[in-house]
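> Sequence isn't available, so here's the structure alone:
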Ligand SMILES: Nc1nc2c(ncn2[C@@H]2O[C@H](COP(=O)(O)OP(=O)(O)OP(=O)(O)O)[C@@H](O)[C@H]2O)c(=O)[nH]1
Ligand SMILES: [Mg+2]
Ligand SMILES: [Mg+2]
């Protein structure tokens, strides 16, 4: 059997290079084509990093050195309402601009953006997805800073975020991922709320409060909050306890329940270009909704089955 063959097909105006493991690159021939052929091999050092198909892709961004930023701008402890509003405002714009995002979940200095398992955005290339989301988020965060913090001019070093892509092969695993992030929000917020009340109202030193909280469980912290500071943790604002969920909402649920039909009554071909274009337009028109709700239980998902619905014409599985 023949092995790998390096082939360059020269057409009249185009050069098509099949010699790499990547999809063939097409470059217009011009006067520097000889120079290109001499140096063109360096392309082969690039890694093709497309993520596997049929996986939900989560891009999680996280503020870089956010603790320092909190100190510099004197954010309220443990939660600065305005800082969270700014995070959410930036995330909404990212969701609006990338229609393949079906849901985003944010808490503290992080946001997870869930791309539909069928997305073909940027050919599912990991670096393009992660950098696009992280830079779009950061740009929005900086752009909207002055309207949220008119009293705190933004200075260098500007806020930045890192971003990573993780693939989840099943809805169940994706749901577990989101539950993990929301449970993390709850655990950290309960700890931080208790800690900062002990320090700021209880006048304990940081080390003393930390020592006192060592080995405590959730019910102990609830008790400390209630008996010492008169705080019922369950009455703390939902934005702090649950984090923020952003999703596309469709007023017409049937538009996304997998039963699409064409105007002549035939079932639409899910892969057809016009069908995909229609779908895209619907997503662009959808309302982008922001809520502070539980996403660990089934209630949220049962009420909105379209969020994790399969592509049109496919059965829901798992
Ligand atoms: N005061 C205050 N701190 C916050 C708020 N939101 C997040 N933080 C802090 O931001 C930090 C976020 O944690 P990390 O992302 O692990 O830490 P980081 O400093 O960003 O470090 P890297 O992510 O590794 O660059 C934690 O220390 C949180 O307590 C807030 O509203 N107010
Ligand atoms: Mg961080
Ligand atoms: Mg973080």
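Thanks, I have it. Everything numeric here is computed off the predicted structure, so don't read it as measured data. Ligands and ions are numbered 1, 2, ... in the order given.
> Flag every residue of this structure that's near ligand 2.
Residues of the chain lying close to ligand 2 by CB under 5 Å from the ion are 62-63, 66, 109. C-beta here means a position set from N, CA and C on the backbone, and glycine is covered the same way.
> mind running it again at 8 Å?
The chain comes close to ligand 2 at residues 62-67, 108-110, 161-162, as judged by CB under 8 Å from the ion.
> Which of the residues you listed ranks first by neighbour count?
residue 63 (22 neighbours; other CB atoms under 10 Å).
> mind listing what the closest residue to it other than its chain neighbours touches?
Nearest residue to residue 63, sequence neighbours excluded (CB to CB, 6 or more residues apart in numbering): residue 109, at 3.3 Å. By CB atoms under 8 Å, 6 or more residues apart in numbering, the contact set of residue 109 is 62-63, 66, 87, 161.
> Pretty sure residue 100 sits against residue 115.
Yes - contact criterion CB atoms under 8 Å: residue 100 and residue 115 qualify, at 5.0 Å.
> Quick check: neighbours shared by these two?
Common neighbours of residue 100 and residue 115 (CB under 8 Å, 6+ apart) are residue 121.
> Pick out whichever of the two has more residues nearby.
A count of neighbours by other CB under 10 Å puts residue 115 above the other of residue 100 and residue 115, at 23 against 18.
> my read: that one touches residue 59, true?
Yes - with contact defined as CB under 8 Å, residue 115 reaches residue 59; the gap is 7.0 Å.
> which residues do these two both contact?
residue 129.
> For the closest residue to ligand 1 within the stretch 201-318 of the chain, give its distance to residue 49.
Residue of the stretch 201-318 of the chain nearest ligand 1, by CB to the nearest ligand atom: residue 240 (8.7 Å). Distance, residue 240 to residue 49, using CB to CB, to the nearest Å: 36 Å.
> which stretches of the stretch 51-200 of the chain form strands?
If DSSP state E, counting those that start in this stretch is used as the criterion, the strands of the stretch 51-200 of the chain fall at 56-63, 101-107, 110-115, 161-168.
> Farthest pair within the contacts of residue 109?
Maximum pairwise distance in the contacts of residue 109, criterion CB to CB, is 11.1 Å, between 62 and 87.
> Distance from stretch 191-202 to the middle of the chain?
31 Å (CA atoms, centre = their mean, to the nearest Å).
> Could I get the buried residue list for that stretch?
Using 16 or more other CB atoms under 10 Å as the test for burial, stretch 191-202 gives 191, 193-199, 202.
> My understanding was that residue 294 contacts residue 242; is that so?
Yes - counting by CB under 8 Å, residue 242 is a contact partner of residue 294 at 6.2 Å.
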